[in-house]
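Asks: sharing a model prediction with you, sequence too.
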Amino acid sequence: MKTEKLAVNGGPKAVNFPLKSRFHFGAEEKAAADALFDESIRTGNAFGYNGPEEEAFGKEFAQFLGGGFADGVNSGTNAVFVALRALELPPFSEVVVGPVTDPGGIMPIVMLNCIPVTADAAPGSFNTGAAQIEEVITPETRAIVVPHIGGEPADMREIMKVADKHSLAVVEDCAQSHAATIDGQFVGTFGTYGAFSLMFGKHFCTGGQGGAVFSKTEELYWRERRAADRGKPFGLNNVHGNVIPALNCNLDELGAAIGRAQLKKLPEIVGARRRFAAMLKERGMDRLHAVSIPEVIPGAQHSYWWWRLRFHPEKSSASKADYCAALAAEGLIINPDYSFAVPTSLDWYREHANKHPWNNPCYKGDRSRSFQLPNVHQSMDTHFILFILESWGGKEADAIMEAFRKVDSAYAV
């Protein structure tokens, strides 16, 4: 019944109390930082990088992921950069990348003098799919970057079949999907490398900025270490000086110490977000008229960096923008439009045919190639984002569902 006046029209808000912050840092992170400063003061030596905290962080993160090797770096963007640099791709190679990603997930391709080639999303998703990747592979393709967007795993089992068929390296961009799994296996462990952003807003972090690169073999690990620290000859014998040109992308000891404390909290952070999503489902999120919950791929577990929801315009008298504005007025944290994360629409990418590296005569591919991406544009038109936090519980779930019911009822057709 359309009886309640919406907040957007001057009515009372459904969420009539301040939503809790994350309380992401606590005594554990403070103690880790204090211990590092105490040791520095005691010895008179400043802490740096490539020290015992980073060594321990890499081992603990790799163990968390099921075994292998990990190296801390100073941002998620540089995690992707280091992973691609470690592959030592020939200049002007094509690198396939998913259609939705932070600019930091695609710009490293260009910075390494390679050509980003955008694959469409799988139907009804923000993530790319195996079929969409295979459609854009050419003789110039050498690698694939697969972003897992918003906590939802891309279909890595099928993507790896395509990669193996074409002998392509795979970098998983796990910036938004810490601890998401497919059949119990963590994202970031399927491809050649897993790249993680550990900035302050992610599931777990190393402070304001940070990142990590994961690999399954020692050989790949030493390659990533060299790529992360100006080509220093880690893991090599009988060499003289740095062996490849690369940047200084090191994580420092303070970030590693914070990251170690945060890593211990990661299972509960993700678990609490999953429980909160389940609370919303129990309260009727899956029974709304104009909104539905998209399915994840079979066997996948979402880690809920945020929650992508489907809007059905044929079932609402409001547009998606107006429906989301009404939800926001009720007190929800909503992003109605994620299209800014489609890099092909951004200024830096436009007219790329006239820019380096596309315009270099050494590039043998089609520099004017365009990408229509109908699936991702359809997904952007019909989906919006609900933010949820691990600090929320039953009170927040009740209020959020009241907001959804109120708005859904008001605009039902």
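Replies: Done, it's in.

Asks: how about the strands in the protein?
Replies: For the chain, strands defined by DSSP state E occupy the ranges 69-73, 94-97, 115-118, 141-147, 169-173, 181-182, 185-186, 193-197, 211-215, 291-292, 300-301, 307-311, 334-335, 383-386.

Asks: what are the buried residues along the fourth one?
Replies: Pointing back at strand 141-147 there. Buried residues in strand 141-147, counted by 16 or more other C-beta atoms under 10 Å: Thr141, Arg142, Ala143, Ile144, Val145, Val146, Pro147. The way it works is simple: take the backbone N, C-alpha and C, and place the C-beta from them, glycine included.

Asks: got it, and the second one?
Replies: Of the residues in strand 94-97, those buried by neighbour count under the rule 16+ other C-beta under 10 Å are Glu94, Val95, Val96, Val97.

Asks: who does that strand touch, helix- and strand-wise?
Replies: Contacts defined by 3 or more C-beta pairs under 8 Å, 6 or more residues apart in numbering; DSSP states H and E place strand 94-97 against strand 115-118, strand 141-147.

Asks: make it 10 Å
Replies: helix 76-87, helix 107-111, strand 115-118, helix 130-136, strand 141-147, helix 156-165, strand 169-173 (3 or more C-beta pairs under 10 Å, 6 or more residues apart in numbering; DSSP states H and E).

Asks: how about low-confidence regions in the stretch 101-250 of the chain?
Replies: The model of the stretch 101-250 of the chain has no residue with pLDDT under 70.

Asks: need the helices and strands packed on strand 94-97 in JSON lines (columns: distance to Phe186).
Replies: Compiled in JSON lines, these are given as follows (distance: least, C-beta to C-beta, whole Å):
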{"stretch": "helix 76-87", "distance to Phe186": "15"}
{"stretch": "helix 107-111", "distance to Phe186": "22"}
{"stretch": "strand 115-118", "distance to Phe186": "26"}
{"stretch": "helix 130-136", "distance to Phe186": "19"}
{"stretch": "strand 141-147", "distance to Phe186": "14"}
{"stretch": "helix 156-165", "distance to Phe186": "10"}
{"stretch": "strand 169-173", "distance to Phe186": "10"}
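
Asks: compare those and give me the one nearest Trp306.
Replies: strand 141-147 (14.0 Å; C-beta to C-beta).

Asks: helices or strands up against that closest one?
Replies: Using 3+ C-beta pairs under 10 Å, 6+ apart: strand 141-147 touches helix 76-87, strand 94-97, helix 107-111, strand 115-118, helix 130-136, helix 156-165, strand 169-173, strand 193-197.

Asks: export that strand as PDB, just CAs?
Replies: The C-alpha trace of strand 141-147 is given here as PDB (Å, rounded to 0.1, in the frame of the first residue of the first chain):
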ATOM      1  CA  THR A 141      47.600 -10.900 -27.100                       C
ATOM      2  CA  ARG A 142      50.000 -12.000 -24.400                       C
ATOM      3  CA  ALA A 143      48.100 -11.700 -21.100                       C
ATOM      4  CA  ILE A 144      44.700 -11.200 -19.400                       C
ATOM      5  CA  VAL A 145      43.900  -9.000 -16.400                       C
ATOM      6  CA  VAL A 146      40.700 -10.200 -14.700                       C
ATOM      7  CA  PRO A 147      39.100  -7.900 -12.100                       C
END
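
Asks: direction included, what does that strand pair up with?
Replies: Partner strands for strand 141-147, per DSSP bridges, with pairing direction: strand 94-97 (parallel), strand 169-173 (parallel).

Asks: for these, give me TSV that also has distance to Ala119.
Replies: Shown next, in TSV, are the strands paired with strand 141-147 (distance: least, C-beta to C-beta, whole Å):
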stretch	distance to Ala119
strand 94-97	5
strand 169-173	13
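
Asks: those: which one's closest to Glu39?
Replies: The minimum distance between Glu39 and the strands paired with strand 141-147 falls on strand 169-173, with 34.8 Å, by C-beta to C-beta.

Asks: got the angle for that closest one vs helix 156-165?
Replies: Counting by axes from the mean of the first three to the mean of the last three C-alpha atoms, to 10 degrees, strand 169-173 lies at 150 degrees to helix 156-165.

Asks: got the angle for strand 169-173 vs strand 193-197?
Replies: Relative orientation of strand 169-173 versus strand 193-197 (the same axes, to 10 degrees): 20 degrees.

Asks: tell me the gap between strand 169-173 and the middle of its chain.
Replies: 12 Å (C-alpha atoms, centre = their mean, to the nearest Å).

Asks: send me it as CSV with only the CA atoms.
Replies: In CSV, the C-alpha atoms belonging to strand 169-173 read as follows (Å, rounded to 0.1, in the frame of the first residue of the first chain):
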residue,chain,number,x,y,z
ALA,A,169,49.4,-15.3,-18.6
VAL,A,170,46.6,-14.2,-16.2
VAL,A,171,46.7,-11.5,-13.5
GLU,A,172,43.7,-11.5,-11.2
ASP,A,173,42.9,-8.1,-9.9
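
Asks: what angle do it and helix 76-87 make?
Replies: 170 degrees.

Asks: and the buried residues of strand 141-147 as JSON lines, adding distance to Thr344?
Replies: Shown next, in JSON lines, are those (distance: C-beta to C-beta, whole Å):
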{"residue": "Thr141", "distance to Thr344": "17"}
{"residue": "Arg142", "distance to Thr344": "20"}
{"residue": "Ala143", "distance to Thr344": "18"}
{"residue": "Ile144", "distance to Thr344": "17"}
{"residue": "Val145", "distance to Thr344": "14"}
{"residue": "Val146", "distance to Thr344": "17"}
{"residue": "Pro147", "distance to Thr344": "14"}
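
Asks: tabulate the helices and strands packed on strand 141-147 in CSV, adding columns for distance to Pro374.
Replies: Output for the helices and strands packed on strand 141-147, formatted as CSV (distance: least, C-beta to C-beta, whole Å):
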stretch, distance to Pro374
helix 76-87, 26
strand 94-97, 17
helix 107-111, 23
strand 115-118, 12
helix 130-136, 10
helix 156-165, 20
strand 169-173, 23
strand 193-197, 28
